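A.B. asks: coords below, sequence missing:
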């Protein structure tokens, strides 16, 4: 992996942390002012507000990044290029079928050493967009739920809708963001298109795959003996 690819990878991974974290921290701040500040003292009215906000951005962003819940989604798991490699080995009588972890390991080796760099950029870019959009969707959903609960609680306490107009506006905003993200869901489709492009490259380089599979078989036998 050359320097430019490494730099791109670092930039994309940073975006996967900071953008969802910034969105979460921003919604937390807005929700505090439109609802929570009516009941507890405001901790953001001092000189440390920016430091607290940045801390929340990093902690929330790193937490969502570490959980990697987006990788459990159907659009991420279906049509994986590594699964295509597994299927190929089942068709070759001269090679042993690859296990899932072996196919994934071989796929990343091929991606890093043989697949053109333009594919790397697409993998990083669409993977980052997919992760960010899913996290924004989930964050919007939960803030919408919390806002609706807050409106219901205040309505039960006798608050009029006019008195809750800021909270209602916030609720409508996050609901619209969530619905737009679900209705115009390009993240899942682009992720699948990205996989199909990689699988097509593998299909067009079948002779190279056979050679690499043979080398992989020999390396496994060598390490076993």
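C.D. replies: Nice, thanks for sending it over. No experiment lies behind these values; they were computed from the predicted model shown.
A.B. asks: what residue ranges in the protein score low on pLDDT?
C.D. replies: 1-7, 42-47, 68-77, 92-95, 185, 187, 220-225 (pLDDT under 70).
A.B. asks: where do the helices sit along it?
C.D. replies: Counting by DSSP state H, residue ranges of the helices within the chain are 3-34, 49-67, 74-77, 81-91, 100-113, 117-156, 165-183, 186-204, 206-224.
A.B. asks: so can I have CSV of the ones you listed showing mean neighbour count?
C.D. replies: (Each C-beta comes from the backbone N, C-alpha and C, glycine too.) Output for the helices of the chain, formatted as CSV (neighbours: other CB atoms under 10 Å):
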stretch, mean neighbour count
helix 3-34, 17
helix 49-67, 15
helix 74-77, 14
helix 81-91, 18
helix 100-113, 15
helix 117-156, 18
helix 165-183, 16
helix 186-204, 16
helix 206-224, 12
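A.B. asks: looking at those helices, which is closest to residue 41?
C.D. replies: Residue 41 lies closest, by CB to CB, to one member of the helices of the chain: helix 3-34, at 10.9 Å.
A.B. asks: Output the helices of the chain in a markdown table, with distance to residue 41 appended to each entry.
C.D. replies: Below are these laid out as a markdown table (distance: least, CB to CB, whole Å):
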| stretch | distance to residue 41 |
| --- | --- |
| helix 3-34 | 11 |
| helix 49-67 | 14 |
| helix 74-77 | 42 |
| helix 81-91 | 53 |
| helix 100-113 | 51 |
| helix 117-156 | 18 |
| helix 165-183 | 18 |
| helix 186-204 | 39 |
| helix 206-224 | 62 |
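A.B. asks: Relative to residue 40, which of these is closest?
C.D. replies: helix 3-34 (8.6 Å).
A.B. asks: Residue 84 is in contact with residue 201, isn't it?
C.D. replies: No - Residue 84 is beyond contact range of residue 201, at 10.4 Å (criterion: CB atoms under 8 Å).
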